[in-house]
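Asker: Show me how the following folds:
(4 chains)
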There are 4 protein chains.
Amino acid sequence: MCRWIAYRGETIPLEQYVTAPAHSLVVQSQRALESTASTNGDGFGTGWYGEHPEPGLYREIRPAWSDENLRYLCRHIRSHLYFAHVRAATGTPITRPNCHPFACGRWLFMHNGVIGNWSRLRRKVEAMIPDEIYGSRIGTTDSEAVFLAILGAGGDKDPVGATTRLLATLTDMVSSKGYREPLRFTAALTNGSDLFAFRFAANDNANSLYYRESGGNVVVVSEPLDAERAQWKPVPNGHVLMAEAGKPVSLQPILAASRVAAE
Amino acid sequence: MCRWIAYRGETIPLEQYVTAPAHSLVVQSQRALESTASTNGDGFGTGWYGEHPEPGLYREIRPAWSDENLRYLCRHIRSHLYFAHVRAATGTPITRPNCHPFACGRWLFMHNGVIGNWSRLRRKVEAMIPDEIYGSRIGTTDSEAVFLAILGAGGDKDPVGATTRLLATLTDMVSSKGYREPLRFTAALTNGSDLFAFRFAANDNANSLYYRESGGNVVVVSEPLDAERAQWKPVPNGHVLMAEAGKPVSLQPILAASRVAAE
Amino acid sequence: MCRWIAYRGETIPLEQYVTAPAHSLVVQSQRALESTASTNGDGFGTGWYGEHPEPGLYREIRPAWSDENLRYLCRHIRSHLYFAHVRAATGTPITRPNCHPFACGRWLFMHNGVIGNWSRLRRKVEAMIPDEIYGSRIGTTDSEAVFLAILGAGGDKDPVGATTRLLATLTDMVSSKGYREPLRFTAALTNGSDLFAFRFAANDNANSLYYRESGGNVVVVSEPLDAERAQWKPVPNGHVLMAEAGKPVSLQPILAASRVAAE
Amino acid sequence: MCRWIAYRGETIPLEQYVTAPAHSLVVQSQRALESTASTNGDGFGTGWYGEHPEPGLYREIRPAWSDENLRYLCRHIRSHLYFAHVRAATGTPITRPNCHPFACGRWLFMHNGVIGNWSRLRRKVEAMIPDEIYGSRIGTTDSEAVFLAILGAGGDKDPVGATTRLLATLTDMVSSKGYREPLRFTAALTNGSDLFAFRFAANDNANSLYYRESGGNVVVVSEPLDAERAQWKPVPNGHVLMAEAGKPVSLQPILAASRVAAE
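Answerer: Numbering: from 1, shown residues only, chains lettered A, B, ... in the order given. This next block holds a predicted model:
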């Protein structure tokens, strides 16, 4: 089980959420609290937007807690929208292409969760990636395959709709023909302007997801970055948080209640 | 274009061919002679057989020439059958799972060449990997996909036949419907007992491949390890070299002459 | 605080203690029990003796728990005397030359502990390394400096005496002129034939150290490898365990009681 | 022999000199032209200044040519003063702390050359580093030791004077008592505002160093970045190039002619 943060708001240095807080993401890489895996030492990554339309990406296979490059970059890189992720691998190798976030054109995606019995579903999900996007499959994770399948389902034009449709399909897959495999999906998706953060589960409890909003800035996190718990609101299971240009942050249910497992 | 060596014979330390010769594989990693890529610094690997039925594997993303671990291991590990490979990547990421050799059960495989326009053929070749073997696809290279497709074509029982059938299929693919893409395949395959080394090309010249035999020991190489050129005999294009338990080393043509491109 | 194991006895695969036990060293890399640092993910290493008079060495900066090379090597390398170490760094960078064990000629050394205020003592300890050995200082850790200082103090001919003299000097240093800095030293030293394991502390409690003996084989560990606690005997503080060719394993006090801090 | 570039001028993305030109530094990592080592694949680094008074740093042990992170960072990081360096190691290990540039407080330094017989001189040069700076010696290279010795000689207040004094001392060392060891020093030093680039040799020819100036921007390089050779002027041996705030770029001899070896 991984940990991640996503930020959208005023331009700030990455360090403000990645390395500086008492319970920063880098601290969580060594000692997470709301996770079955207390150590998230199987690589990490950060993606951010600046003047270039496509995001920057820094991914490494070492633990985040000991990477001196990460500390320098988080101090020097400033962004209005960035992702950071520390990984606890669940089967796929520790390689840079298997570290989150994943980039494809303008889009960034990162994920914490599990996609059923991946060895059973892998070919089915990979088949949902259109040929013209399949060249972007440079790693072997379930998360990257789901990201490219979302884009293949029209995510570029309708990110929430495409993600919802894919989650419906995945829910069917993990529950079909007597299967009852866990599907847990807490993920962030962005095109550099709008941020979407999903919390969903089928056949299992949802992984934790919180957000904090202040003055037009929003930060979404797997677990709170400090002890001020009152400021961190949970994203309800089966919901998407939307932080779009020129609109207030909003929450919206993403699948009919009947599909959504009890939290 | 990569460089590799394969050895079968008396038990010797790996260093005898990997690091010791004047033009050893490690020297070739920095300065190859018969290759379009003079530098093979995109990772390396070695695989070997000992008392355990499955091979050992050491693969790294650093250049072979500066890896101190490799020097220690080549001095200390002894084997009767081993592979070593230095990589010049042609598009897929520099990760350990993308370094040769590849292992699956008792089998080892490594490759130097090109499989047509991989972005066009990738899904077709991946589709040839049976479901029960697909879990062994932990990387993203063309070479690993071809290896698993060979095993899927019956390589475990008939390695030469399965490889030949797959090469016939690949030759059709790279020449179908007006396509004329290069297929170059110099590869080694072993089950820990028998060694098979292939040299084949379609729509292009074959990559170089040599062997040296003495007293029941055979070493197969992308390019000679020393200046004693007379001792190194070329493996002819369109042939497989077979070094099997209890038999003399032999060469055999693998596809009808009509299929084989001129060397 | 690091974790390590040292083995001397019949020739066995490394995996017997490094990866196979319920609470193996690799398990301890992710979840140690008797250590202030529960995660030992700042690199690792193993050193072993085979037919070559000098030891083999495999050291990596990744966590041991996710290194596929380590699993292959531990299955295939067999030795009558080997060390393995997982690191929790305390200030010096995560580099291969800073990973234990350290090799110099026939000798291997590894350490778990702290050498006072290292930034104050570093130059003093480095000055104890003779010029002819200083070229072997390829890293920057306190542990490597202490190892080379032991060899400089005559460790090659009298390992226990040289180590004891150095510990006396270090004890003076950490307690001189009103200083009262912790010195904790649990370390293993070998020439490929004889194994010496030290447990010592001044101004602090000693780090844990246990051993298990059976049929001429001895394994020394930072913490027990399984739940059979009765079989694991502590090495008393201020003692060296000696496992020498042709002699029974013995324990011996190494510094006069007055010097040794209460355990 | 390494390759490097230093830039001072308008704020631009790093890619303008590191990755974009026909013969960019990244191209030189695989195929340098004016160097005895055509491959500079033993790690690399970049350092740059932004809003923070201390520089950012990204250093890696992989070859620059295959590092996807470097390409992202060079596209996204913008700076008015930056260094980049690709390494061909000459004895010290391939570790991040041994990659150039080196940082200490506000200062950055990088080097291409050789400091006599380093195993003979190492302790003498390390002894020139003051205690209060010695904690910044986190690697083991000759270059880092020389950098810290320059700061120890007053480099913070008088960078050219301190460097010149150190070069005089080093020249004496490599020529003392019948020794005649090569000293080659092409190096760049900066505090984030002023850039100093040195070209010097004793007992040997100087390594190549060029610069190009246009409209207040200056770039200093080991070898030209494109085929427009007329635009690249050599820095003469025994000179320092100075690019200081509010002053035109100037060249100045740094040691009396009698000391300077013929070019």
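
Asker: Next secondary structure element downstream of the host helix or strand of A:Gly47?
Answerer: For A:Gly47, the element it lies in under DSSP states H and E is strand A:44-48. Next along the chain after strand A:44-48, taking DSSP H and E as the criterion, comes strand A:56-60.

Asker: Outside of that next one itself, list whatever touches it.
Answerer: Contact partners of strand A:56-60, identified using C-beta atoms under 8 Å, 6 or more residues apart in numbering or on different chains, comprise A:43-50, A:67, A:69-70, A:73, A:77, A:96-97, A:99-101, A:103, D:68-69, D:72-73, D:75-76. From N, CA and C alone the C-beta is placed, and that goes for glycine too.

Asker: Just the CA coordinates for it, please, in PDB.
Answerer: This file holds the C-alpha atoms of strand A:56-60, laid out as PDB (Å, rounded to 0.1, in the frame of the first residue of the first chain):
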ATOM      1  CA  GLY A  56       8.300  17.200 -15.300                       C
ATOM      2  CA  LEU A  57       9.000  13.800 -13.700                       C
ATOM      3  CA  TYR A  58      11.600  12.600 -11.200                       C
ATOM      4  CA  ARG A  59      11.300   8.900 -10.300                       C
ATOM      5  CA  GLU A  60      13.800   6.800  -8.400                       C
END
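
Asker: How far away from the center of its chain is that strand?
Answerer: 15 Å (C-alpha atoms, centre = their mean, to the nearest Å).

Asker: So what are the sheet partners of it and their directions?
Answerer: strand A:44-48 (antiparallel) (DSSP bridges).

Asker: What lies in contact with the partner strand?
Answerer: Residues from elsewhere that reach strand A:44-48 (C-beta under 8 Å, 6+ apart): A:14, A:18, A:29, A:55-60, A:62-64, A:67, A:70, A:73-74, A:77, A:79, A:81-87, A:99-101, A:103, A:108, A:110, D:76.

Asker: just stretch A:173-187 next, same as before
Answerer: Outside stretch A:173-187, the residues within contact range by C-beta under 8 Å, 6+ apart are A:109-117, A:120-121, A:124, A:143, A:146, A:163, A:167, A:170-171, A:197-209, A:222.

Asker: Now do the buried residues in it.
Answerer: A:173-175, A:181-187 (16 or more other C-beta atoms under 10 Å in any protein chain shown).

Asker: how long is it end to end?
Answerer: Start and end residues of stretch A:173-187 are separated by 19 Å (C-alpha to C-alpha, to the nearest Å).

Asker: before we move on, what about stretch A:123-134?
Answerer: For stretch A:123-134, the first and last residues are 13 Å from each other (C-alpha to C-alpha).

Asker: any residue of it up close to chain B?
Answerer: Yes - residues of stretch A:123-134 are located near chain B by C-beta under 8 Å from any C-beta of the partner chain, namely A:123, A:131, A:134.

Asker: so who does the last one touch?
Answerer: Translated: A:Tyr134. Counting by C-beta under 8 Å, 6+ apart, A:Tyr134 has contacts A:148, B:122-123.

Asker: close to chain D, is the helix or strand A:Leu148 falls within?
Answerer: Here A:Leu148 sits within helix A:142-150, counting by DSSP H and E. No - using C-beta under 8 Å from any C-beta, helix A:142-150 stays clear of chain D, coming no nearer than 14.6 Å.

Asker: got a list of contacts for that helix?
Answerer: Helix A:142-150 has contacts (C-beta under 8 Å, 6+ apart) with A:92, A:97-98, A:100, A:102, A:104, A:107, A:109-111, A:114-115, A:118, A:121-122, A:125-126, A:128-129, A:133-134, A:136-138, A:159, A:162-163, A:166, A:170, A:185, A:187, A:189.

Asker: ok, now with 6 Å
Answerer: Helix A:142-150 is contacted by residues A:102, A:109, A:111, A:115, A:118, A:125-126, A:128-129, A:133, A:136-137, A:162-163, A:166 when judged by C-beta atoms under 6 Å, 6 or more residues apart in numbering or on different chains.

Asker: Relative to A:Pro234, which of these is nearest.
Answerer: The closest of the contacts of helix A:142-150 to A:Pro234 turns out to be A:His111 (C-beta to C-beta; 18.2 Å).

Asker: Which elements pack onto the helix or strand harbouring that closest one?
Answerer: Following DSSP H and E, one finds A:His111 within strand A:107-115. Applying 3 or more C-beta pairs under 6 Å, 6 or more residues apart in numbering or on different chains; DSSP states H and E, we find strand A:107-115 packed against strand A:78-86, helix A:142-150, strand A:183-190.

Asker: Out of these, flag the one nearest A:Thr36.
Answerer: strand A:183-190 (11.0 Å).

Asker: Show me which residues of chain A are close to chain C?
Answerer: Residues of chain A lying near chain C by C-beta under 6 Å from any C-beta of the partner chain: A:30, A:39, A:41-42, A:63, A:66, A:94.

Asker: let's see it at 10 Å
Answerer: Contact residues, chain A versus chain C (C-beta under 10 Å from any C-beta of the partner chain): A:29-31, A:37-39, A:41-43, A:61-63, A:65-68, A:89, A:93-94.

Asker: ok, and which of those reach chain B?
Answerer: Restricting the residues of chain A next to chain C to those near chain B - C-beta under 10 Å from any C-beta - leaves A:61, A:93-94.

Asker: how much space between the residue nearest to A:Ser250 when sequence neighbours are not counted and chain D?
Answerer: Residue nearest to A:Ser250 in three dimensions, not counting chain neighbours: A:Met242, with 5.2 Å by C-beta to C-beta, 6 or more residues apart in numbering or on different chains. Computed as C-beta to the nearest C-beta, to the nearest Å, the A:Met242 to chain D distance reads 26 Å.

Asker: What is the neighbour count of A:Leu241?
Answerer: Neighbour count of A:Leu241, defined by other C-beta atoms under 10 Å in any protein chain shown: 24.

Asker: Return the set of residues that bridge with it.
Answerer: A:Ala197, A:Leu251.

Asker: Go through chain A and flag its longest strand.
Answerer: In chain A, with assignment by DSSP state E, the single longest strand is strand A:3-13.

Asker: what's the distance between that one and the middle of its chain?
Answerer: Chain-centre distance of strand A:3-13: 13 Å, with C-alpha atoms, centre = their mean.

Asker: who touches the helix or strand following that strand?
Answerer: Next helix or strand after strand A:3-13 toward the C-terminus (DSSP H and E): helix A:15-18. For helix A:15-18, the external contacting residues (C-beta atoms under 10 Å, 6 or more residues apart in numbering or on different chains) are A:5-7, A:21, A:24-26, A:44, A:46, A:64, A:70-78, A:82-84, A:86, A:212, A:217, A:219, A:221, A:225, D:52.
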